[in-house]
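Let me see the structure of the following:
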Amino acid sequence: MTTPYKPLVKATDLPDYSNAVIIDARGGPDARERYLKGHLAGALFVDLETQLSQKEENAKDGGRHPLPKIENFARLLGELGISNKSQVLVYDDKHGANASARFWWMMRAAGHEKVWVIDGGLQAVEKSGIVLSTRAESVGKVAKYEAKSWQLPRVTMDEVKKASTTGTQMIIDVRESFRYNGESEPIDKIAGHIPGAINLPYIDNLNEAGEFLTAGELKSKYEKALAGKKPDQVIVHCGSGVTACHTLLAMEQAGISGAKLYVGSWSEWSRNDLPMVTK
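The predicted structure follows:
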């Protein structure tokens with residue numbers, strides 16, 4: 001019997017992945033500086049802003065973190081020494097809530113099976129007693145990666161607009177409640193949420209230690225929230241298509257696969273004169 005795929009691994013289990021390519025994925029203007037202050041030995045740096053996104057001049061066209069073309073992502077993977085057969089471990093310094101979840105989703109969407117996220121991120125690595133490195137790591141051997149299309153389900157702004165009026169699909173907004181409620185908006189220009197969307201903040205996927213809830217706890221949480229909806233009837237979004245991947249990761253850990261990602265998310269929706277709701 002094949003063991004069901006679980007995308008999370010504990011920092012204490014890293015010796016079992018000694019042959020894996022390790023990716024340190026981070027976002028923000030000081031991402032590389034943070035990487036150089038401490039990362040897993042051998043971990044290769046990946047930048048959310050420039051390598052996991054292909055930004056347009058105006059965020060109304062695809063949001064703040066549009067996906068790059070699949071051929072560009074495949075080229076990046078090859079430059080990182082990742083082949084279609086590689087084992088890959090990824091982490092970030094946001095408890096797995098940010099760039100590592102995005103990298104994980106993109107690899108799965110490229111058709112890659114052997115990719116895991118370190119539960120709890122860099123904080124969990126440090127807590128486990130592993131000594132961090134401050135050197136700039138280099139790729140041992142460039143590989144060739146084959147990928148022709150994004151294979152995981154996504155939706156466009158028009159599809160979300162239809163879903164918001166018909167109610168045939170559940171729309172999950174994973175941003176913090178104050179953003180969803182329209183109390184304030186620290187990143188995008190307007191506060192509020194898409195009509196019909198429910199709020200399940202991604203941060204609630206984590207326990208007090210910053211690690212994911214157990215698979216059983218996540219399964220119970222999302223089965224209750226979905227209220228009978230099948231995963232392919234669910235759309236997940238956030239501010240710009242990054243932390244939404246954290247919830248898709250949590251759902252995958254729970255054995256709930258097939259929910260759709262709205263990559264443009266609130267950053268695209270709120271810039272296109274579409275209906276918005278505040279609480």
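
alpha carbons only for contacts and neighbour counts from here, please
OK.

Residue 193 pairs with what?
Beta-bridge partners recorded for residue 193 (DSSP bridges): residue 277.

ok, now which ones touch it?
For residue 193, the contact set (CA atoms under 8 Å, 6 or more residues apart in numbering) comprises 173, 179, 180, 181, 182, 266, 276, 277, 278.

Over to residue 59?
By CA under 8 Å, 6+ apart, residue 59 lies in contact with 267, 268, 271.

The second one should be in a helix, yeah?
Read it as residue 268. Yes - applying DSSP: H, G, I helix; E, B strand; the rest coil, one finds residue 268 inside a helix.

contacting residues for it?
Contact partners of residue 268, counting by CA under 8 Å, 6+ apart, are 59, 60, 61, 62, 63, 64, 157, 240.

tell me the two of the residues you listed that are most distant?
Maximum pairwise distance in the contacts of residue 268, criterion CA to CA, is 13.7 Å, between 64 and 157.

How far away from the center of its chain is stretch 121-131?
In terms of CA atoms, centre = their mean, to the nearest Å, the centre of stretch 121-131 is found 20 Å from the chain centre.

in it, what counts as buried?
121, 122, 123, 124, 125, 126 (16 or more other CA atoms under 10 Å).

Contacts only, for the residue lying closest to the fourth one once chain neighbours are set aside.
Looking back up the chat, that one is residue 124. Nearest residue to residue 124 in three dimensions, chain neighbours excluded: residue 11, at 6.2 Å (CA to CA, 6 or more residues apart in numbering). Residues counted as contacts of residue 11 (CA under 8 Å, 6+ apart) are 118, 119, 120, 124, 125, 128.

From residue 204, how far off is residue 11?
Distance, residue 11 to residue 204, using CA to CA, to the nearest Å: 21 Å.

follow-up on the earlier one: Provide the backbone phi and psi angles at the residue nearest to residue 124.
When read as degrees, to the nearest 10, the backbone of residue 11 gives phi -60, psi -30.

Compare the contacts of residue 193 and tell me which is most surrounded.
Comparing the contacts of residue 193 by number of neighbours (other CA atoms under 10 Å), residue 266 comes first, having 29 neighbours.

would you list every one of the helices in the stretch 51-200 of the chain?
Using DSSP state H, counting those that start in this stretch, the helices of the stretch 51-200 of the chain run over 70-79, 99-109, 121-127, 157-166, 177-180.

For the residue nearest to residue 124, give me the pLDDT.
In this model, residue 11 is scored at 95, pLDDT.

do residue 85 as well
What the model reports for residue 85 is a pLDDT of 96.

quick one: the residue nearest to it when sequence neighbours are not counted and residue 84, what's the gap?
The spatially closest residue to residue 85, leaving aside those adjacent along the chain, is residue 114, at 7.7 Å (CA to CA, 6+ apart). Using CA to CA, residue 114 is found at 9 Å from residue 84.

again, but for residue 152
17 Å.

Figure out the helix or strand that residue 220 lives in.
Using DSSP states H and E, residue 220 sits in helix 215-226.

residues making contact with the next helix or strand after that helix?
With elements assigned by DSSP H and E, the helix or strand that comes after helix 215-226 is strand 234-237. With contact meaning CA under 8 Å, 6+ apart, strand 234-237 is reached by 155, 160, 169-174, 226, 243-244, 247-248, 259-263, 265-266.

Buried subset of those, written for PyMOL?
Buried residues among the contacts of strand 234-237 (16+ other CA under 10 Å), as a PyMOL selection:
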select buried, resi 155+160+169+170+171+172+173+174+243+244+247+248+259+260+261+262+263+265+266
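
so where is this structure shaky, pLDDT-wise?
By pLDDT under 70, the low-scoring segments of the chain are 1-2.

What segments of it are strands?
Using DSSP state E, the strands of the chain run over 8-9, 21-26, 44-47, 88-91, 115-118, 170-173, 198-199, 234-237, 260-261.

ok and the longest one relative to helix 99-109, angle-wise?
On the basis of axes from the mean of the first three to the mean of the last three CA atoms, to 10 degrees, strand 21-26 is oriented at 130 degrees to helix 99-109.
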